[in-house]
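Student: Here's my sequence, what's the structure:
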Amino acid sequence: MSFTAAPAAVLWDMDGTLVDTEPYWIDAEFEIVEMHGGTWSHAHAKALVGSDLLDSGAYIREHGGVDRTPTEIVEMLLDRVVARVRAEVPWRPGARELLAQVRDSAIDTALVTMSWKRFADEVVRCLPTESFTASVTGDEVSRGKPHPEPYLLAAERLGVRPDDCIAIEDSPTGVRSALAAGCSVIAVPHVVDVSPELAHLPESIGRLTLLPTLDGVDLGDLVRILHP
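Tutor: Sure, this is the predicted structure:
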């Protein structure tokens, strides 16, 4: 394997991909809705996986009967999820190992998450210094996933072409964003299923590979996915 065949960068989603924090978000949603007298369901929770947080706040306001602004709802969610992750960071299998191997190979990385910076920072500080070359958080973009803006911005910050990058995702929303940006995408479904048909949507430019886990995945696998 030659270095020139390696990805120009590896772009990482966070919730559900790098860390198993989706249950933290779901628990927070139930608590907030119920404390405001509304009702929530796992179907509603799954509908929000991978979404822009302000979109999630608006959805919770509408469907959960929470009479607060979307921004206020997001801040309440963040308060609860940040507290949980400070107590314990639930890493996804194989994610830290693959991230470390990529960085040890001098390949750039970016965190591309719809979580806001104050939560993303809590996760990043638990990783080795310089695990990520750049980051894009939900409060830094005007159009969140599934729009391609987050991944396009990450590639721009790294000075690389999206089609030379591999994005690692776990949700249909994130996969759609990365494919529309032109990245080759590894999907590792977790809380919600990812259909291979997403690769055939009109806006999908990149290629999609579905894997059951990142456990045992190495840089050679990334090269083979980027250059099939």
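Student: Quickly list the domain ranges of the protein.
Tutor: 3-20+91-226, 22-87 (automatic domain parsing).
Student: for these, which one ends up most surrounded?
Tutor: Among the domains of the chain, judged by mean count of other C-beta atoms under 10 Å, the one packed with the most neighbours on average is domain 3-20+91-226 (a mean of 20). C-betas here are computed from N, CA, C, even on glycine.
Student: hang on, the earlier thing: any chance of the domains of the chain in a markdown table, plus mean pLDDT?
Tutor: Below are those laid out as a markdown table (pLDDT from 0 to 100):
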| stretch | mean pLDDT |
| --- | --- |
| domain 3-20+91-226 | 95 |
| domain 22-87 | 95 |
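Student: Output the contacting helices and strands for the longest helix along the chain.
Tutor: Identified as the longest helix of the chain according to DSSP state H is helix 70-87. Packed against helix 70-87 by the contact rule (3 or more C-beta pairs under 8 Å, 6 or more residues apart in numbering; DSSP states H and E) you find helix 22-35, helix 53-64, helix 117-124.
Student: Run the angle between that helix and helix 22-35 for me.
Tutor: Orientation note: helix 70-87 sits at an angle of 130 degrees relative to helix 22-35 (axes from the mean of the first three to the mean of the last three C-alpha atoms, to 10 degrees).
Student: Show me the contact partners of helix 70-87.
Tutor: Contacts with helix 70-87, where a contact means C-beta atoms under 8 Å, 6 or more residues apart in numbering, come from 19, 21, 24-25, 27-29, 31-32, 53-58, 60-61, 66, 68, 115-116, 118-119, 122-123.
Student: 7 Å instead, please
Tutor: 21, 24-25, 28-29, 31-32, 53-54, 57-58, 60-61, 66, 116, 118-119, 122-123 (C-beta atoms under 7 Å, 6 or more residues apart in numbering).
Student: can you map out the strands along this structure?
Tutor: Along the chain, counting by DSSP state E, strands occupy 9-12, 108-112, 134-136, 165-169, 184-187, 208-210.
Student: what distance separates the third one from the middle of the whole chain?
Tutor: Per C-alpha atoms, centre = their mean, to the nearest Å, the displacement of strand 134-136 from the mean C-alpha position of its chain is 12 Å.
Student: Output the contacting helices and strands for it.
Tutor: Where contact means 3 or more C-beta pairs under 7 Å, 6 or more residues apart in numbering; DSSP states H and E, strand 134-136 is packed against strand 108-112, helix 149-158.
Student: Now do the contacts for V141.
Tutor: When contacts are counted by C-beta under 7 Å, 6+ apart, V141 touches 149-150, 153.
Student: Between those, which sits nearest S184?
Tutor: P150 (16.1 Å; C-beta to C-beta).
Student: mind listing what that closest one touches?
Tutor: Here P150 is in contact with 112, 136, 141, 144, 177 (C-beta under 7 Å, 6+ apart).
Student: Kindly report the same for V89.
Tutor: Contacts of V89 (C-beta under 7 Å, 6+ apart): 19, 123, 126.
Student: what do you get for S195?
Tutor: S195 sits next to P172 when contact means C-beta under 7 Å, 6+ apart.
Student: how close does it sit to V175?
Tutor: Distance of S195 to V175, given as C-beta to C-beta, to the nearest Å: 9 Å.
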